[in-house]
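Undergrad: output the structure for:
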Amino acid sequence: MSAFLHQRPLHTPSSYLDDLSPRSRQNYQKPTSALLSRSPAVLVLLLLSLLIVAGVLFPYIQSPGSLLSLSSRSSDSKWRGYTLPDAAAYVARNNTLIVCAVSEAYLPFLNNWLISISRQKQQEKVLVIAEDYATLYKVNERWPGHAVLVPPALEAAAAHKFGSQGFFNFTARRPRHLLQILELGYNVMYNDVDMVWLSDPFPYLKGEHDVYFMDDMAFVKPLDHSHELPPPGKKGRTYICSCFIYLRPTSGANLLMKKWIEELQDQPWSRAKKANDQPGFNWALNKTAGQVDVYLLPQKAFPTGGLYFKNKTWVQETKGMHVVIHNNYIIGFEKKTKRFKDYGLWLADDYASESPLGRL
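TA: Predicted coordinates:
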């Protein structure tokens, strides 16, 4: 089959025909016509050849999607060589990327998040870092060039359960991805995909700080609270969320990412201590305090899920001020989906046409 598909064409190359005048083209075709009229055997051989060709192709024509499958496999394989520098150069707008990291199980949340970003006209900056090949192929099939896989691929099923070693391995790759993007010279915004944008967050990134982030504490702050790094909590560290981070390509941001990587190496996952990436991020913030220019985003605009979904009074008092909502302080796909639906924030079912990926 492959030999048939790749053999040289039997017809005369068009470049030759283009060099012939109309008159000479007529003369060029005459010998074949004469030969067919004088030799019935040639005609029979030609018909037999056509039948053989049809026999080779017939199974693929009859089998739905067979030829498309061959094309799809070829298309899929090219994305294996697609690198993060390639993807960043293709996707970045105004030297800025919006990045998420996704495995196959999170695709519905990816779509929900993308719809909310599309409503703010920022979707073209989005680069999906696929943690498995199924995600890489699915996203690039629907939205070519907007997904990249940084090897090695993770086992998709292992990254689902919060607190598991697979989940730790999944989230622990985050600072390496972000550091690589910074070293390429881009501004980068990282989001978890269990978030929804109600407004555009970029106007809230005031000043020229190294890093911007949101607090994960659920207690109510004054509306005009400080934008400095909060004081450490009971565990000796702050409680900043690693779910929403904006970084500029500065030495301070690079230092923070390198320290985060070190902290994750020093505090690996174990059955006794089921860690994730967030404590390491906070230790890195605390240990680089004074060396990194940080900015705490306003709580009224970037509330943690423990506040937004659990304090109705505060939500009413700050109505119209919310920008990005994080669906945390709850574990499990089904529970997160239900809560989004209960609050009118699940968009993936009714508004799939607004996503660059369409309906998944």
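
Undergrad: what segments of this protein are strands?
TA: Secondary structure of the chain (DSSP state E): strands at 96-102, 126-130, 147-149, 187-191, 195-197, 211-215, 240-247, 294-296, 324-326.

Undergrad: out of these, which gets nearest to residue 77?
TA: Closest to residue 77 of these is strand 147-149 (CB to CB; 12.4 Å). All C-beta spots, glycine's among them, are computed from the backbone N, C-alpha and C.

Undergrad: what's the closest one packed up against?
TA: Judged by 3 or more CB pairs under 8 Å, 6 or more residues apart in numbering; DSSP states H and E, strand 147-149 is in contact with helix 66-79, helix 84-91, strand 126-130, helix 133-142.

Undergrad: which residues outside it are in contact with it?
TA: Outside strand 147-149, the residues that touch it by CB atoms under 8 Å, 6 or more residues apart in numbering are 79-80, 82-84, 86-87, 127-133, 135-136, 139-140.

Undergrad: at 6 Å instead, please
TA: 82, 84, 87, 128, 130, 136, 139-140 (CB atoms under 6 Å, 6 or more residues apart in numbering).

Undergrad: where in the stretch 251-360 of the chain is pLDDT low?
TA: 268-276 (pLDDT under 70).

Undergrad: go ahead and flag the most central residue of this protein.
TA: The C-alpha lying nearest the average C-alpha coordinate of the chain belongs to residue 128 (CA atoms, centre = their mean; 1.2 Å).

Undergrad: can you tell me the closest non-neighbouring residue to that residue?
TA: The shortest distance from residue 128 to any non-neighbouring residue, by CB to CB, 6 or more residues apart in numbering, is to residue 147 (4.2 Å).

Undergrad: roughly how far apart are the one you found and residue 281?
TA: Distance of residue 147 to residue 281, given as CB to CB, to the nearest Å: 24 Å.

Undergrad: go on, residue 264?
TA: 9 Å.

Undergrad: swap in residue 304?
TA: Distance, residue 304 to residue 281, by CB to CB: 15 Å.

Undergrad: also residue 112?
TA: Distance, residue 112 to residue 281, by CB to CB: 24 Å.

Undergrad: which residue packs closest to residue 120, ignoring adjacent ones?
TA: Using CB to CB, 6+ apart and skipping residues adjacent in sequence, the residue nearest residue 120 is residue 200, 4.3 Å away.

Undergrad: could you report the neighbour count for that neighbour?
TA: 14 (other CB atoms under 10 Å).

Undergrad: that one contacts residue 118, correct?
TA: No. Using CB atoms under 6 Å, residue 200 is not in contact with residue 118, being 11.6 Å away.

Undergrad: my guess is residue 252 contacts residue 289, does it?
TA: No. If you go by CB under 6 Å, residue 252 and residue 289 don't touch, sitting 11.2 Å apart.

Undergrad: more neighbours, those two?
TA: The residue with more neighbours, out of residue 252 and residue 289, is residue 252; 17 against 13, by other CB under 10 Å.

Undergrad: per-residue pLDDT of the residue nearest to that one when sequence neighbours are not counted, please?
TA: Nearest-residue entry for residue 252: residue 210, 3.6 Å, with adjacent residues in sequence omitted and distances by CB to CB, 6+ apart. pLDDT recorded at residue 210 is 98.
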